[in-house]
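Asks: Provided below are the primary sequence and the corresponding predicted coordinates.
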Amino acid sequence: MGDGPDLRILQANERTLLAWVRTGLALMAFGFVIGRIAVWLKLEHPEREESALSLVIGIAMIAVGAACEAVGAARFVRARRAIVKGEPIVPGAAWPVMLAVVVAAGGLGLAAYLALGA
């Protein structure tokens, strides 16, 4: 074994970063779809009042996706530094849990929005 860090651990850290990136991209794409659904609904139901709610929800979901990217990048850098220095990795749980709660709350809000027929 060499003196440097185990490459498998560094690669596992990179795979974790890629999972954060995929999740963030999916959230941003979902936010874009939500934001643009108002146009489709207006074409399908011109008698209904146009609501800016889908745009606001879409923008919020895009922001959550961007936050996911930032959290993933910060965790990657912190873990990489610890791996290279040979220090223990102590990842915090606050940001991932907060993002999960925000996404879950958004999902519940969308479910309620659809259930109420708005």
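Replies: Perfect, thanks for sending it. Numbering: from 1, shown residues only.

Asks: how about G35, what does it touch?
Replies: Applying C-beta atoms under 8 Å, 6 or more residues apart in numbering to G35 gives the contacts 54-55, 57-59, 62. In this view, the C-beta of every residue, glycine as well, is placed from N, C-alpha and C.

Asks: 6 Å instead?
Replies: When contacts are counted by C-beta atoms under 6 Å, 6 or more residues apart in numbering, G35 touches 55, 58.

Asks: Next secondary structure element downstream of whatever helix or strand it lives in?
Replies: If you go by DSSP states H and E, G35 is part of helix 7-44. Proceeding N to C from helix 7-44, the next assigned helix or strand is helix 53-85, under DSSP H and E.

Asks: Flag every buried residue along that next one.
Replies: 54-55, 57-58, 60-62, 64-65, 67-69, 71-72, 75-76, 79-80, 82-83 (16 or more other C-beta atoms under 10 Å).

Asks: wouldn't G31 be in contact with G58 here?
Replies: Yes. Using C-beta atoms under 6 Å, G31 makes contact with G58 at a distance of 4.6 Å.

Asks: Could you list the low-pLDDT ranges of the chain?
Replies: Where the chain drops to pLDDT under 70, the residues are 1-2, 50-51, 118.

Asks: Try it again at 80.
Replies: Across the chain, the ranges flagged by pLDDT under 80 are 1-4, 38-53, 91, 113-114, 117-118.

Asks: Relative to L108, how far out is M28?
Replies: Taking C-beta to C-beta, to the nearest Å as the measure, M28 falls 20 Å from L108.

Asks: my bad, T23
Replies: T23 is 19 Å from L108, by C-beta to C-beta.

Asks: does E87 count as helix, strand or coil?
Replies: Three-state assignment for E87 (DSSP: H, G, I helix; E, B strand; the rest coil): coil.

Asks: measure it to G24 for me?
Replies: As judged by C-beta to C-beta, E87 and G24 stand 27 Å apart.
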